[in-house]
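A.B. asks: 3D model of this:
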Amino acid sequence: MITVPFSLELTADEDAISIVEDITTLSVPGKMKIFLGASVNPGLQQNYIGSLKACYRHLMNESAKKGTISVVAVYGDWQNASAGNISLENDASGVLDTDVLISVAGGFDNGVGKTHMYAETFDQLIDGLLERVKDN
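C.D. replies: Prediction:
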C-alpha cells in the first residue's frame, strides 16, 4: 500500500530488490525514476500505469532520435497521458500534482544509449510499483 506523492528509482545495473522509494521528482545521477503526483488515485492502477507507459514510449522515441538521453523528465496527466499531451523537459519543474513522471538522470546509460537498459529498468520499476499498490 502506498500514499501519494510516491516515486521509485533504480539504476540500469541494479536488480528490483534495490529499488528505492521516495516522494520527490528530483533526479538522482545514474537513475531512472517513476513518480505519481499527489492527486493520483493509487487504487486506479490501470490509469496511471497506462499513462506511465505512454510517457515511456515518448521517451524511447526521443532516444531513437538522439541516440542517447541526458537528464530528462517525461510527464503527463495520470488519467490520460497520450502523445499529444506528454511533456519532455530537462527537469521536472513543470510536473503537477495530477501528473505521472519518468525521469532519467545523466549517467543512466553511461552515454551508450542502449535502449534495452531503459526497457529492463522501466519494467522493474513498474513491477515494483504494482507490488506496492496491490492493496490500494
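A.B. asks: contacts for the longest helix anywhere in the chain, please.
C.D. replies: Using DSSP state H to define each element, the chain has its longest helix at helix 45-66. Taking contacts as Cβ atoms under 8 Å, 6 or more residues apart in numbering, the residues outside helix 45-66 that touch it are 34, 36, 40-41, 69, 72, 74-83, 86, 88, 100-102, 104, 113, 115, 118-119, 122, 126, 129-130, 133, 136. For glycine as for every other residue, the C-beta is placed from the backbone atoms N, C-alpha and C.
A.B. asks: what about the helix or strand that it is followed by, average pLDDT?
C.D. replies: Tracing the chain C-terminally past helix 45-66 and defining elements by DSSP states H and E, one meets strand 72-77 next. Strand 72-77 shows a mean pLDDT of 93 in the predicted model.
A.B. asks: what's the answer for stretch 116-127, then?
C.D. replies: Stretch 116-127 shows a mean pLDDT of 92 in the predicted model.
A.B. asks: which residues are in contact with it?
C.D. replies: For stretch 116-127, contacts defined as Cβ under 8 Å, 6+ apart pick out 8-12, 15-16, 19, 32-34, 49, 52-53, 56, 59-60, 63, 102, 104, 108-109.
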